[in-house]
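> need a 3D model of the following:
(3 chains)
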Amino acid sequence: MLSRQTWRVIGTLGLRSAKQTFRRPQLMAPLIVFPTLLLAIQVGGAGRAVDLEGFPPVDSFLAFMLAGAMIQSTLLAGNSGGIALAVDIEMGFTDRLLAAPIPRYAMVFGRLVGTALLGLFTAFWFLAIGFVFGVQFTEGPLGIVVMIALVVASAVAFGSIGAAIALRSGSASVVQGMFPLVFVILFLSTAFFPQDLLQQPAQAIAEYNPLSFIINAVRDPVVFAFTTEDMLKALLGIAIIGALGAVLCARAMRHRLRVG
Amino acid sequence: MAAIEVEGLERKFEGGITAVDGVDLEVADGEIFSFLGPNGAGKTTTVRMLTTLLRPTGGVARVSGHNVVEDPAAVRRSIGVALQEAALDPLMTGRELIRLQATLHALPPDQVTSRADALLRRVGLTDAADRRIGGYSGGMQRRLDLASALVHEPRVLFLDEPTTGLDPVSRKTIWEEVEKLNDEGTTVFLTTQYLEEADQLADRVAIISDGKIVAEGTPASLKAEVGKPRLEVSVAEGTPAECEDVLSEFGERLPAKDGTMIVELSRGAAEIAPVVRALDERGILVEALELVEPTLDDVFVEKTGQHLEAADDESAPDPGTGEREALAE
Amino acid sequence: MGATMTANFATIGAMIGRSRNELLRVPGAAIPGVLAPTIFFLGLTAVFGNLRLLDGFGVESYASFLIPVSLMQGAGFTGAATGVNLARDIENGLFDRFLSSPAPRWVLLAGLVGAASLRSLVPGTFLFVVAMAVGAAFPGAIGLLVALIATMGMGIVAACWGVAIALKFKTQSAAPLMQAGMLTLILCTTAYAPQELLTGWLAVVAEYNPATQIVEMARQGFVGTVTWAGTWPGLVALAGFIAVLGAWALAGMRRTGD
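Residues are numbered from 1 along each chain as shown, chains lettered A, B, ... in the order given. Sure, this is the predicted structure:
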């Protein structure tokens, strides 16, 4: 159980992280503008995919794509959080924190609070796009709440990976270099197309990709209905990514403390 | 024809900022002319206008007889430029940079190699010529920057704070090179925030503050305007009154400082020996004697009310020819 | 006059030579420009490959349909990188060295975009090899030549855009704008599907976007035969983009002292 003081530290660092994020529109723009643009182009360019044999029955391609766009944005938010932490390391700000009597993990948790808020923002953004362009949410308000919760939890999980890379490398450009990998992971999932209609080997990989679990569960309240199986798989996916991120963060932090 | 002629030069920026506010100056052919002032005074802005990198918002400027606005290409053909940032490509070798510069200045291809070799030899970079600039020290980068500004044998050389950030030895090397260039006939327009640099190098100095020239002249004439050399004397206890009498014979007494008596020598540094003899004849034991010459900083204080070097946090270490000469103790 | 043109071409050559340094002397410098379009090509082929099964799509292989888009993307990224490098040179003062030389502004611009045009062949070549490996149709000699012209031409277009943005904002932080501009231009075409199968706003935009003609021009050999009717609109579009963006970039270069 974390002490009150620790919560306070996490809250303070989280607030700083959130302010940093939202005060720099040029950092937010790639997370919002690019996925939105891609969503618009893919809906217009591949929208006739709904006519393909085997495509799930959906109201619109946008309804199908919305979840993928949200998670894409969330992945980029995790990357962005990692970049911000790396900049803190490069600037020497983390030394200030390390020299303070705070738990080491508070540094990372504080950063993840900012990433979670960014995830929340992106969830609302794409929900708004959905509403504006007539997407029907089959599970109603409860479904929307579930979507938001899954997106925020995913942001924290992805953020932990970004934080681990930042702690290990100490370099913003290294974290930035992970950007293409975001798209590799997305293309190998059900972000943009149903699993059964992907080409091999993407189809085989997507079946086991934790990102697919998360995206399917976020998609369910929009076009299908909740399923316990999808929900559990999504939580498992988030847990796997989060656990991996936590382990990598711990090791990276130990490495950083050792080498200075 | 003057090398540089400037009338009413002005540069305003957005937000109502006037960086250069009506500057008039003339630099004769073959002169070393220095612009001295703190950071933000307008030195670099002036240089950028004269080198056609920035368009004036008022006034007229001519370099080598060509108007900087109406005929910038002709100006560029006649000038060499080494700006405040060394502005080098770390991936290139020194030789490649000189060759690039030679190409930019349309040197005939058959002359490029020999010219590059000669310049690298001149600035002592022959051994490092084929190493990447990214591995050069600050002094080497400055020398290379200077060499690349000379590739086309310019009539007028602009140097914007050429020794900022350099160690004393590197600074001296640059000074020697500038003097050599000037001896060969190149006009040099030099901006600096260092008193010694202007004092040592320049034939004439213009002191600039807040975009305006506040004083202009030779270093000696500028310093003579603000006062004569001062002698600061510390004597053994028990004899200050007598010492004051002696000193009064040689010039105006100035207020004492921490027990040290100060006299402004009416006939200059030549009075030091007579002062010492007079004190000796009276049996006054001198503990310390120091001659303090007026400096360009004193000129700056006189004109602007503040010190030049205090206006700037980045004062450079004195390369060795300081303004104070500690004399016999 | 002859001597001046010789000097100008020598300057253009020197600037292209300098640009080559980054590829040869910075380990991995070429990777981002090659990696991103390759990931997109392979990813989009894997994801949307079955779109070709739609009635009216008319191609055997989605990779064949998509590869010209990726070639344009590679050229787009290269052009954006040109802008970023220029912004870096502006920030560190190196560009002042060029501006204070007697080389005319158009010569400096020609050096920058010439370099970009040649560099766009690096991702282009890699993408072509990858495309052949995943089963895209070989476009034939003429088709390859036309695709090459489109790629290099798009490299010039993207470089003009990148240079104009760099001169306007004078900071490397404008990099996303340089990249996003080109990406948007290229994707708002028949990138994903033929014109008849596009939907909504994209159908309208792609119909009028001149970049669609460039993509279609490059696509000819990969999905069918090259014809003059399928080529000249792309050439006109390239010329138009180069004229407009080139003029903007040149104006920016002339205005640098303002």
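
> what ranges do the helices span in the stretch 101-250 of chain C?
All helices of the stretch 101-250 of chain C, identified by DSSP state H, counting those that start in this stretch, fall at C:105-119, C:121-133, C:140-169, C:175-187, C:200-208, C:210-223, C:228-254.

> and the stretch 101-250 of chain A, by the same measure?
With DSSP H, counting those that start in this stretch as the criterion, the stretch 101-250 of chain A has helices spanning A:104-132, A:140-169, A:172-176, A:179-187, A:202-208, A:210-223, A:228-259.

> now the angle from the fourth one to helix A:210-223?
In this structure, helix A:179-187 runs at an angle of 60 degrees to helix A:210-223, with axes from the mean of the first three to the mean of the last three C-alpha atoms, to 10 degrees as the basis.

> alpha carbons of helix A:179-187, in PDB - could you do that?
Output in PDB follows, covering the C-alpha atoms of helix A:179-187 (Å, rounded to 0.1, in the frame of the first residue of the first chain):
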ATOM      1  CA  PHE A 179       7.800   5.500 -34.000                       C
ATOM      2  CA  PRO A 180       7.800   3.100 -37.000                       C
ATOM      3  CA  LEU A 181       7.500   0.100 -34.700                       C
ATOM      4  CA  VAL A 182       4.100   1.500 -33.600                       C
ATOM      5  CA  PHE A 183       2.900   1.000 -37.100                       C
ATOM      6  CA  VAL A 184       4.400  -2.500 -37.400                       C
ATOM      7  CA  ILE A 185       2.500  -3.600 -34.400                       C
ATOM      8  CA  LEU A 186      -0.700  -1.900 -35.600                       C
ATOM      9  CA  PHE A 187      -0.500  -3.500 -39.100                       C
END
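
> check whether that helix contacts chain C.
Yes. With C-beta under 8 Å from any C-beta of the partner chain as the criterion, chain C is reached by helix A:179-187 at A:180, A:183-184, A:186-187. Where C-beta positions appear, they are placed from N, C-alpha and C, glycine not excepted.

> put the buried members of these into a ChimeraX selection.
Applying 16 or more other C-beta atoms under 10 Å in any protein chain shown to these leaves a buried subset, and the ChimeraX line that selects it is:
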select /A:180,183,186,187
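
> residues of the stretch 51-200 of chain B that sit close to chain C?
Going by C-beta under 8 Å from any C-beta, the residues of the stretch 51-200 of chain B near chain C are B:51-55, B:73, B:76-77, B:79, B:81, B:83-89, B:91-92, B:96, B:99-101, B:103-106, B:109, B:132, B:148.

> so which of the helices of the stretch 101-250 of chain C comes closest to chain A?
Closest approach to chain A among the helices of the stretch 101-250 of chain C is made by helix C:200-208 (2.5 Å; C-beta to the nearest C-beta).

> got the residues of the stretch 101-250 of chain C near chain B?
Residues of the stretch 101-250 of chain C lying close to chain B (C-beta under 8 Å from any C-beta) are C:101-104.

> please repeat the previous calculation with a cut-off of 6 Å.
With C-beta under 6 Å from any C-beta of the partner chain as the criterion, the stretch 101-250 of chain C meets chain B at residues C:101-103.

> return the member of the helices of the stretch 101-250 of chain A having the minimum mean pLDDT.
Looking at those, the lowest mean pLDDT belongs to helix A:172-176 (a mean of 85).

> just checking the distance from that one to the centre of its chain.
Mean-position distance between helix A:172-176 and its chain equals 17 Å (C-alpha atoms, centre = their mean, to the nearest Å).

> for B:V81, helix, strand, or coil?
strand (DSSP: H, G, I helix; E, B strand; the rest coil).

> who's in contact with it?
By C-beta atoms under 6 Å, 6 or more residues apart in numbering or on different chains, the contact set of B:V81 is B:51, B:149, B:158, C:100.

> turn those residues into TSV, columns for neighbour count, distance to C:S61 and secondary structure.
Shown next, in TSV, are the contacts of B:V81 (neighbours: other C-beta atoms under 10 Å in any protein chain shown; distance: C-beta to C-beta, whole Å; DSSP: H, G, I helix; E, B strand; the rest coil):
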residue	neighbour count	distance to C:S61	secondary structure
B:T51	25	57	coil
B:A149	23	58	helix
B:F158	25	61	strand
C:S100	23	53	coil
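
> name the member of those residues with the shortest distance to A:V218.
C:S100 (56.3 Å; C-beta to C-beta).

> any idea how far that closest one is from B:L159?
13 Å (C-beta to C-beta, to the nearest Å).

> neighbouring contacts of stretch B:200-216?
B:18-21, B:23, B:25, B:31-37, B:41-42, B:175, B:178, B:198, B:218-219, B:222, B:299-300, B:303-304.

> restricted to strands, list those.
Using DSSP state E, the members of the contacts of stretch B:200-216 that fall in strands are B:18-21, B:23, B:25, B:32-36.

> was I right to think B:V47 contacts B:F158?
Yes. Between B:V47 and B:F158 there is a contact under C-beta atoms under 6 Å: 5.5 Å.

> lowest mean pLDDT among the helices and strands of chain B, which one is it?
The weakest-scoring helix or strand in chain B, judged by mean pLDDT, DSSP states H and E, is strand B:324-326 (a mean of 35).

> what about residue 32, which SS state?
Defaulting to chain A. helix.

> ok, it - how many residues close by?
18 (other C-beta atoms under 10 Å in any protein chain shown).

> excluding covalently adjacent residues, which one is nearest to it?
With sequence-adjacent residues excluded and distances taken as C-beta to C-beta, 6 or more residues apart in numbering or on different chains, A:I32 is closest to A:W125, at 5.9 Å.

> ok so, going back, could you export the helices of the stretch 101-250 of chain C as a markdown table, including distance to B:E242 and mean pLDDT?
What follows is the helices of the stretch 101-250 of chain C, written out as a markdown table (distance: least, C-beta to C-beta, whole Å; pLDDT from 0 to 100):
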| stretch | distance to B:E242 | mean pLDDT |
| --- | --- | --- |
| helix C:105-119 | 75 | 96 |
| helix C:121-133 | 87 | 96 |
| helix C:140-169 | 72 | 96 |
| helix C:175-187 | 76 | 90 |
| helix C:200-208 | 98 | 95 |
| helix C:210-223 | 95 | 97 |
| helix C:228-254 | 75 | 97 |
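
> format those as JSON lines; extra columns: mean neighbour count and distance to chain A.
Listed next are the helices of the stretch 101-250 of chain C as JSON lines, based on neighbours: other C-beta atoms under 10 Å in any protein chain shown; distance: least, C-beta to the nearest C-beta, whole Å:
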{"stretch": "helix C:105-119", "mean neighbour count": "23", "distance to chain A": "19"}
{"stretch": "helix C:121-133", "mean neighbour count": "19", "distance to chain A": "13"}
{"stretch": "helix C:140-169", "mean neighbour count": "24", "distance to chain A": "11"}
{"stretch": "helix C:175-187", "mean neighbour count": "22", "distance to chain A": "5"}
{"stretch": "helix C:200-208", "mean neighbour count": "16", "distance to chain A": "3"}
{"stretch": "helix C:210-223", "mean neighbour count": "24", "distance to chain A": "12"}
{"stretch": "helix C:228-254", "mean neighbour count": "17", "distance to chain A": "19"}
